[in-house]
Each structure stands twice: as C-alpha cells, then as structure tokens.
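Undergrad: have a look; sequence and predicted model below, questions after that.
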Amino acid sequence: MPVPASDGRTGRVPAGCVFWMLATERSFATVAEDHGNCSVGSYTHGFLPLEKAAKHSDVAELVRAGWVSESDFSTIPAVSDRPGSVTYGPLASAEHGDVVLVRLNRAGLMTLLDAWPELLIEGKPQCHIVALAKQHGRIAASVGCALSRARTGMPATESTAAIPMSLVDPLIARLTTAAEANSAVARYAGTDAARFGEVR
C-alpha cells in the first residue's frame, strides 16, 4: 500500500471500483483496508460509517468542489452490514455471489432498459448501485461518476449495471426477448431507410 494521505487513507488501489475492473481477469478477496483510499466507496460498501467517511479529506474535497453537498450524504445508499470481506471475480467462475456487475455501452444500456423497465438509472457516486442491488434487490445502472472514471480509466462510452444474483436468470430471459425484438426492428428500419438512398 502507498504512504497514507494526511488523514490516514491508503489501500491496495485508489478506489474499490478499481477492483471491478481487475475482477474481469481473476478472482480475489478483499478486506476493508484494501478499499480504504476511497471514503465514498468504503461507505457505500459498508466498510465505513457515514460519520467517519464524511470527515476524511477526499470527501472534504468533493464538497469543496461542489460535486456533492453535505446534505447529499444521507441520501446515498449503502450496504448496512459491515462485510468481513468482499470477493470479486468473473461470473463464469463464480460459485455463488450477491451482485453481478456488468459493463455496458450505450446500446447495451438501451437493451437492458427495454428488458427491465423497472431498471433504476443512477448517477453519482457510481458505487452506490452495489448497495441498491445487494441491499434492496434492485437492478440499477449508473451513468458513472467523475471520481470513478478518473480512478479506473473507465471510458466515457461505458456505464455499469449492478444485478442481484437472484435476478440474473429472469433478466437473461427478458434480455433475449428484448434483443430479438431490437434486431427485428433494426432490420425493418434498415430496409425501410434504404428507399431513401444515401442521405446527405
């Protein structure tokens, strides 16, 4: 871990959402200290109580910049129970789990919303979608946040969805239907548009 910041923050990575990126390649376990550099993610994942997270310098900087206000803190969803650890890994090799994270492009987000109209589309901080899925049993997508994008290198063209493991199978069934409908409509629209030739 790097040398701690003035308020004691350090961790294995700049923020817990970096683990999301690494988990596409391999499985591993983390503890609270591994997530410690990002007070926001430590709060949303249940590792840190709000009153402690709010006193850290990274949160103070977010407030100073006008990115959030102190009154926003109480509205940010968080996992209520402090986990002993969080295990990450590719879904294909997971034996069990609570939440599935999926990276989406714009067309993927469109299809997800078509398939699951109850989808919650959220903003910042991106990591609170984990709490919405784990704590509230909701499928939630985030348009991302500047904090996470800067720390992970996540492209501006992508967003993330969090899916409760219990909803994966019904979601896949709905996604199959939605994707087939979208493909049929796209074929029709392409054929219909061909009547107009090249549009300039």
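TA: The structure has been received and is ready for your questions.
Undergrad: grab the longest helix from this structure for me.
TA: Identified as the longest helix of the chain according to DSSP state H is helix 168-193.
Undergrad: remind me which residues of this structure are low pLDDT?
TA: Judged against pLDDT under 70, the chain has no low-scoring part.
Undergrad: which residues in it form strands?
TA: For the chain, applying DSSP state E gives strands covering 28-30, 86-88, 99-104, 120-122, 140-142, 159-164.
Undergrad: paired strands for the fourth one, with orientation please.
TA: Note on strand 120-122: by DSSP bridges, its sheet partners are strand 140-142 (parallel).
Undergrad: one more: the second one?
TA: In the sheet containing strand 86-88, its partner strands are strand 28-30 (antiparallel), by DSSP bridges.
Undergrad: which residues does the partner strand contact?
TA: Where contact means Cβ atoms under 8 Å, 6 or more residues apart in numbering, the residues beyond strand 28-30 that reach it are 12, 16, 19, 22, 85-89. Glycine gets a C-beta too; all of them are placed from N, C-alpha and C.
Undergrad: now the buried members of those residues.
TA: The neighbour-count test (16 or more other Cβ atoms under 10 Å) applied to the contacts of strand 28-30 identifies 12, 16, 19, 22, 86-89 as buried.
Undergrad: mind putting those residues into CSV with distance to P49?
TA: Converted to CSV, the buried ones among the contacts of strand 28-30 look like this (distance: Cβ to Cβ, whole Å):
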residue, distance to P49
R12, 21
G16, 16
F19, 21
L22, 26
V86, 17
T87, 23
Y88, 23
G89, 28
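Undergrad: can you give me the buried ones in stretch 40-56?
TA: Using 16+ other Cβ under 10 Å as the test for burial, stretch 40-56 gives 40-48, 53-54, 56.
Undergrad: residues near the residue nearest to R12 when sequence neighbours are not counted, how many?
TA: In this structure, R12 finds its nearest non-sequential neighbour in D34, 4.1 Å apart by Cβ to Cβ, 6 or more residues apart in numbering. Summarising burial for D34: neighbours were counted as other Cβ atoms under 10 Å, giving 20.
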